[in-house]
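[1] Here is my input, please return the structure:
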Amino acid sequence: MMRLNRSRSFYRSLGTVALVLSLLSAGSVVSVQPAAAQQQADAGTATQPFPPLEPAALAQLQQILAAWEQQSKATKTLECTFQVWHFDTFAAPAGVHATKGDGVIRYAAPDKGLFRVDRKVFYKGMKDEKPTYEEEPGQFGEHWVCNGQELIEFDRGAQECRVQQLPPEMQGQQIFNSPLPFVFNLDARQIQERYWVRQVASPDQATVLLEAWPKRQVDRAQYKVVQIALDTSTFSPRMLRMFAPNFHDKLAPKWDHYQFDNVKRNSVGAGITQFLRTFIDEKPPANWKVLRDTYRPPVDEPQATAAVPPAAGQPTRF
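    Modelled structure (predicted):
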């Protein structure tokens, strides 16, 4: 997956608990917003990357977001498995993923989450015109936990655990503001404050496809655009695709593709295990090194950018 500094990496991964968590559950995924003046200053440096929506398209988008938020509001616990494919033509041929990971996501309202890649394989070349993949010794996928008071990163390769204490104002109601706070835990108003959102044509009639373009520089530094496919019958996210900040289909074709399966919301088992404090509560092995610090959210730095508007109402072509 795209690598970021550790603070922002948490925004993305357990943020994949949050864009995943706020896309699947509704309104409770740690939300640290910059000061109002800073938000306005930053928003002024970016240009909406597509023309204003027509009234009918805007009304339909609002209906979709309202239905999505409504289905996720009652979420108390959520768990699912996921697969993630990372594409990068500098690491694998075009159309062939460079790595593939399988893992699990768990969420317990209002402020607990887990994101863990259990298996990761790497592209090793072509054999009989088919790509081959193998695990690499010491190379593990990401593993993040938020227990409500701390953000915890498990580095299985180094056998280290990095614990970042959350300040009091970040505890309790929400867990984190990432590109992924709208997958399982959508707040329609906050999403539209943070992103330019539009519906685009979906290749699958069973899904609705949305695009979200970040307004804030702190988000644009992590990804260029996010695409989310929602099931038309349940409005649960099926897929999330995140494009690298410098994505270009020829010069820098790099993106991550997540698929969510076996989604269980408010299951009896999850409720019991959460009561027993084992649903998300994880600790490192006794022989691991533990590093402690206070969590400091990324600072939003204004940066003048001008996006080239794609054709209105058409799927984005990068």
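
[2] quick one: the helices in the stretch 201-318 of the chain?
    217-220, 268-275 (DSSP state H, counting those that start in this stretch).

[3] go on, the stretch 1-150 of the chain?
    Using DSSP H, counting those that start in this stretch, helices in the stretch 1-150 of the chain cover 6-13, 15-24, 36-43, 55-72.

[4] and those, which one's lowest on average pLDDT?
    In terms of average pLDDT, helix 36-43 trails the rest of the helices of the stretch 1-150 of the chain, at a mean of 40.

[5] where in this protein is pLDDT low?
    In the predicted model of the chain, residues 1-45, 172-185, 275-276, 297-318 satisfy pLDDT under 70.

[6] Out of all residues in it, which is the farthest from the middle?
    When distances to the mean C-alpha position of the chain are computed (Cα atoms, centre = their mean), the maximum falls on D128, with 35.3 Å.

[7] now the strands for this protein?
    For the chain, the strands defined by DSSP state E occupy 77-88, 99-108, 112-127, 130-134, 143-146, 150-155, 160-165, 195-200, 207-214, 225-231, 237-243, 254-265, 289-294.

[8] Among those strands, pick out the one with the most neighbours on average.
    strand 143-146 (a mean of 24; mean count of other Cβ atoms under 10 Å). Yep, even glycine has a C-beta here, placed from its N, CA and C like the rest.

[9] What strands line up against that one, and which way round?
    If you go by DSSP bridges, strand 143-146 pairs up with strand 112-127 (antiparallel), strand 150-155 (antiparallel).

[10] Alpha carbons of that strand, as PDB, please.
    What follows is strand 143-146, C-alpha atoms only, in PDB (Å, rounded to 0.1, in the frame of the first residue of the first chain):
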ATOM      1  CA  HIS A 143      -1.800  -3.600  11.900                       C
ATOM      2  CA  TRP A 144      -3.500  -0.700  13.800                       C
ATOM      3  CA  VAL A 145      -5.700  -0.400  16.800                       C
ATOM      4  CA  CYS A 146      -7.500   2.400  18.500                       C
END
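
[11] give me the number of residues near I191?
    I191: 21 surrounding residues under other Cβ atoms under 10 Å.

[12] That one is in contact with L65, isn't it?
    Yes. With contacts counted by Cβ atoms under 8 Å, I191 reaches L65, the gap being 7.1 Å.

[13] Now the common contact residues for those two.
    Residues touching both I191 and L65 (Cβ atoms under 8 Å, 6 or more residues apart in numbering) are V197.

[14] Would you mind saying which of the helices of the stretch 201-318 of the chain lies nearest T81?
    Nearest to T81 among the helices of the stretch 201-318 of the chain is helix 268-275; the distance by Cβ to Cβ comes to 13.7 Å.

[15] Tell me which residues of the closest one come out buried.
    Residues of helix 268-275 classed as buried by neighbour count (16 or more other Cβ atoms under 10 Å): 270, 273-274.

[16] In a markdown table, list the residues you listed along with distance to A94.
    As requested, the buried residues of helix 268-275 are arranged in a markdown table below (distance: Cβ to Cβ, whole Å):
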| residue | distance to A94 |
| --- | --- |
| A270 | 40 |
| T273 | 43 |
| Q274 | 44 |
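
[17] Which of these sits closest to F243?
    A270 (32.1 Å).

[18] partners of the residue nearest to that closest one when sequence neighbours are not counted in the sheet?
    Closest residue in space to A270, ignoring its immediate chain neighbours: T77 at 4.0 Å, by Cβ to Cβ, 6 or more residues apart in numbering. Beta bridges link T77 to A108 when assigned by DSSP bridges.

[19] and the helices of the stretch 201-318 of the chain as JSON lines, adding distance to R241?
    Below are the helices of the stretch 201-318 of the chain laid out as JSON lines (distance: least, Cβ to Cβ, whole Å):
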{"stretch": "helix 217-220", "distance to R241": "16"}
{"stretch": "helix 268-275", "distance to R241": "27"}
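
[20] right, so of the ones you listed, which gets closest to D261?
    helix 268-275 (16.2 Å).

[21] what sits up against stretch 250-264?
    1-2, 16, 20, 24, 78-90, 94, 97, 105, 183, 236-244, 246-247, 270, 318.

[22] at 7 Å what do you get?
    1-2, 16, 20, 24, 79-89, 236-244, 246-247, 270 (Cβ atoms under 7 Å, 6 or more residues apart in numbering).

[23] of the helices of the stretch 201-318 of the chain, which approaches A201 most closely?
    helix 217-220 (24.5 Å).
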